[in-house]
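Colleague: Generate coordinates for the sequence data below:
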Amino acid sequence: MPKLKILLDFLKDRSNAKISGQYNPSCIINEILFLQNNTELSSNTLYLTTTFDKSLFISEYNILIVTHKINKNTNALQIETQDSVEKIYKLIYEFMLIKYRLYEKKYEIHNSLYNCNDTNKILNIGEYYLSNPIFILDTSYRIIARSTTAVSVVDDIQNYNGESYLLVDTVNMMKKNKCIDNIYSSNRAFFHFSDKNLIFCGIRINNVTVSYICVLQKYRQFTEDDLELTNTLSQTLSIQLQRDNSFINSSGLEEEYYLMDLLMNRIDNLHYIKQRLETVNFKLNKNILLISIPFCQTYQDYHYNTGLKQLINTAKNILGNCISAYYEDMIIFMVSKRDDEVLSKNANKKFEDFLILNNLKAGISLIFENLLETKEFYVQSKYALKLAEHLNIDSRILYFKNYMEYYLFYISQNLDIKVPKIELHTLIHPLIKKLIDIEKNNNTELLKTLTIYLESNRNANDASKKLNIHRSTFFYRFHKIEELLNVSLNNSDILFKLELSLKILKFQKYI
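Modeller: From the prediction side, this is the model:
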């Protein structure tokens, strides 16, 4: 039922009245009566009268005097209006009836938690009272639930791998109109009027917006009461989603769901995922790597764990252009740079200091380009951690490129055990990939030269003869490879890694 202040504000608007006197604005009014002699007063009733009786106004009860002129000599609650007391009574009664009906609807929505205990059924009860289609979307614009009539709405929606998403153009329009900003900054439902009339309301868990409601005006026009109903639906769904553990690993960051989609192979359209990533503050460059940091939550629910949030934000400041997620008890970062070394020496040192300070370790995948292979390289980052532990290597930053041969040993010893496998083509060292790209663009003989050199047991004379070139030509190519790859080919460890990659390519009949 309405508070006294809301009721009085309504009277001011409807009857062009002036309100004067003292009252408790937060008092809930359950009933309205005419004041009679010898009435036994109730604290949650508003009494109307046209008579000034000083003895009554000593009490704490709500007595509203309807008058044509305010009496300034008393603190009694008065309404100055040209309407009769009977008309004021009728206005208040109608107002309270509307509020009562609204309260009943809100109660039914909230009570659906206990009667239904199911997100879709709760949505359908919300749809019954809002009389319009309702969607729930996560912060990457993936539709995670729909009411019954919303299922038939296909405008502005794309489907991939059984999942439904808003069109990128629609997302960009929402951002341009500051609609997304409003969802994140407001804890109340609001109207959004554009080519379509919509109501949006964030669903918050522990003050973090993890998803949001979108109501589409399709079957009837919106009213102000629809905002109240949507607020109640949001609160109800917040509780239900926590029951379902739908967002137990969620930071509520818009970017998190993009990375989650890639880690779980939800998207198989490269163009589409690139478009979606453009809607967040992440620039997709040529070179990408995955970083995984094991971290067990202090609390069952991510949102209570302020330490985890702080770790993510600090690491992001060090890593630069990246997106993050918390998945499978791992803090995961996707970092993308134009440089061949995605982590510069300076960033690498700062990141190592950060890990030491927080007693953490990080597994880092090979550099890759194809976003659709994100899951493969995530597995690499996990293997870097696993293999380093097996080898008793006490380092904070563990690059998978240093453990590729040990991965092959590990797999060969576990053929009868179901362990995650990595596609062979994703084990190619980034320097070999770079050399292949150079070969394609410049039609050089550098890859062939390096291959023959390694097959010749690293003997320059034998390699020159097999290549049918002068020894000086061989060394020109040899040093050219070093210059382009920025490595020393006298480093036996580097050469071994490159040789392993070349053997994989040969096995796959690429060379």
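
Colleague: list the contacts for the nearest residue to Leu216 once chain neighbours are set aside?
Modeller: The shortest distance from Leu216 to any non-neighbouring residue, by C-beta to C-beta, 6 or more residues apart in numbering, is to Pro133 (4.8 Å). Placement of C-beta: from N, CA and C, glycine included. Residues in contact with Pro133, defined by C-beta atoms under 8 Å, 6 or more residues apart in numbering, are Glu127, Arg146, Ser147, Thr149, Ala150, Ser152, Val153, Val215, Leu216, Lys218, Tyr219.

Colleague: For burial, what's the neighbour tally of the third one?
Modeller: In this case it means Ser147. Using other C-beta atoms under 10 Å, Ser147 has 24 neighbouring residues.

Colleague: so Leu166 makes contact with Asn159?
Modeller: No. The criterion here is C-beta atoms under 8 Å, and Leu166 misses it with Asn159 at 11.3 Å.

Colleague: What separation is there between the nearest residue to Pro294 once chain neighbours are set aside and Ile32?
Modeller: Once flanking residues are discounted, Pro294 sits nearest to Met330: 5.9 Å by C-beta to C-beta, 6+ apart. From Met330 across to Ile32, the span is 60 Å (C-beta to C-beta, to the nearest Å).

Colleague: Of the two, which one has the most company?
Modeller: The neighbour comparison of Met330 against Ile32 (other C-beta under 10 Å) goes to Met330, with 23 against 20.

Colleague: Ile291 is in contact with that one, correct?
Modeller: No. Using C-beta under 8 Å, Met330 makes no contact with Ile291, being 9.4 Å away.

Colleague: got the contact list for the worst-scoring helix or strand of the chain on mean pLDDT?
Modeller: Lowest by mean pLDDT, DSSP states H and E among the helices and strands of the chain is helix 270-277, with a mean of 76. Applying C-beta under 8 Å, 6+ apart, the external contacts of helix 270-277 come out as 140-141, 158, 160, 165, 168, 171, 258, 261-262, 267, 284, 323, 370-372.

Colleague: before we move on, back to that, which of Leu166 and Asn159 has more neighbours?
Modeller: When Leu166 and Asn159 are compared for neighbours, Leu166 comes out ahead with 22 against 10, by other C-beta under 10 Å.

Colleague: so how far is Ile323 from that one?
Modeller: 19 Å.

Colleague: do the same with Val379
Modeller: 18 Å.

Colleague: Repeat that for Lys433.
Modeller: Where Ile323 is concerned, Lys433 sits at a distance of 23 Å (C-beta to C-beta).

Colleague: Those two - which one has more neighbours?
Modeller: Between Lys433 and Ile323, counting by other C-beta under 10 Å, Ile323 is the more crowded of the two (23 against 17).

Colleague: Tell me the first helix or strand C-terminal of the helix or strand encompassing Arg204.
Modeller: Using DSSP states H and E, Arg204 sits within strand 197-205. Following strand 197-205 in sequence order, the next helix or strand is strand 208-216 (DSSP H and E).

Colleague: and Asn187, which of the three is it?
Modeller: Under DSSP: H, G, I helix; E, B strand; the rest coil, Asn187 falls in the coil class.

Colleague: And the helix ranked longest in the chain, how far out from the chain middle?
Modeller: The residue-count maximum for a helix in the chain (DSSP state H) belongs to helix 85-115. In terms of C-alpha atoms, centre = their mean, to the nearest Å, the centre of helix 85-115 is found 36 Å from the chain centre.

Colleague: tell me the average confidence for it?
Modeller: Regarding helix 85-115, the rounded mean pLDDT is 87.

Colleague: got it, and stretch 468-486?
Modeller: 92.

Colleague: got it, and stretch 4-15?
Modeller: On average, stretch 4-15 scores 84.

Colleague: Report the buried residues of that stretch.
Modeller: Of the residues in stretch 4-15, those buried by neighbour count under the rule 16 or more other C-beta atoms under 10 Å are Leu4, Leu7, Leu8, Phe10, Leu11, Arg14, Ser15.

Colleague: same check, this time on stretch 208-220
Modeller: Under 16+ other C-beta under 10 Å, the buried positions of stretch 208-220 are Val208, Thr209, Val210, Ser211, Tyr212, Ile213, Cys214, Val215, Leu216, Gln217.

Colleague: Using CSV, list the CA coordinates for it.
Modeller: Output in CSV follows, covering the C-alpha atoms of stretch 208-220 (Å, rounded to 0.1, in the frame of the first residue of the first chain):
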residue,chain,number,x,y,z
VAL,A,208,26.7,-6.5,-9.7
THR,A,209,24.6,-6.4,-12.9
VAL,A,210,24.9,-10.0,-14.2
SER,A,211,22.1,-9.8,-16.7
TYR,A,212,19.0,-7.7,-17.6
ILE,A,213,15.4,-7.7,-18.5
CYS,A,214,14.1,-6.4,-21.8
VAL,A,215,10.3,-6.0,-22.2
LEU,A,216,9.1,-5.3,-25.7
GLN,A,217,6.0,-3.2,-26.2
LYS,A,218,4.0,-5.3,-28.7
TYR,A,219,0.5,-6.1,-27.4
ARG,A,220,-0.4,-3.1,-25.3
